[in-house]
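*Asks:* Here is my input, please return the structure:
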Amino acid sequence: MPITMDPIQECSDLHIVVERTLRRLRISGKLKGFRFLRYALTVTVKDPYRTDLITKVLYPEIAAEFSDKDTRVERAIRTAICACWDSYGRDELNKMAGYTLEKRPTNLEFIDLVAAYIRYILDR
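*Replies:* Purely as a prediction, here's the structure:
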């Protein structure tokens, strides 16, 4: 039986890797936060310092991109993270972190952790 690569590892296109990673975390594409996280992760993978001012820079940037309010962006992302945490996505998130997370990560922690994982995958 041939060894098959993880589909995330086979793909080098950032947008596809980000989307597959979110789906692997059991975050539904139906959630508004899915689109916001996809955008946040894409820009954060390219520039890790984007999370330094998440409420002052990143949320307003996402809100402008999607014609929404930054407070709604923050809430939708938190809802998507809760969906991941409350489903089997928690196990995948623990694997990505490399240790067991004791509590649900904040928006910043989640974006930082998943972006670091995606950078690791793309650099392999």
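
*Asks:* what's the residue lying closest to residue 89 once chain neighbours are set aside sitting at in phi/psi?
*Replies:* Among residues not flanking residue 89 along the chain, residue 26 sits closest, at 3.5 Å (C-beta to C-beta, 6 or more residues apart in numbering). Just so you know, the C-beta spots here come from the backbone N, C-alpha and C atoms, and that holds for glycine as well. The phi/psi pair for residue 26 (degrees, to the nearest 10) reads phi 70, psi 30.

*Asks:* One more: residue 58?
*Replies:* The phi/psi pair for residue 58 (degrees, to the nearest 10) is phi -70, psi -50.

*Asks:* Now do the contacts for it.
*Replies:* 40, 43-44, 50-51 (C-beta atoms under 8 Å, 6 or more residues apart in numbering).

*Asks:* Model confidence for it, exactly?
*Replies:* In this model, residue 58 is scored at 95, pLDDT.

*Asks:* Check residue 89 too.
*Replies:* pLDDT, read off for residue 89, is 88.

*Asks:* Compute the number of surrounding residues for it.
*Replies:* Counted by other C-beta atoms under 10 Å, the residues lying close to residue 89 total 19.

*Asks:* re earlier: got a winner among the contacts of residue 58 for most neighbours?
*Replies:* residue 40 (26 neighbours).

*Asks:* wait, that residue sits on residue 112?
*Replies:* No - using C-beta atoms under 8 Å, residue 40 is not in contact with residue 112; the gap is 10.3 Å.

*Asks:* Low-confidence regions, this structure specifically.
*Replies:* Scanning the chain for pLDDT under 70 picks out 1-12.

*Asks:* Count the neighbours of the residue nearest to residue 89 for me.
*Replies:* Residue 26 - counted by other C-beta under 10 Å - has 17 other residues nearby.

*Asks:* can you give me the helices for this protein?
*Replies:* Assigned by DSSP state H, the chain shows helices spanning 7-10, 14-24, 32-46, 59-65, 70-85, 89-97, 107-123.
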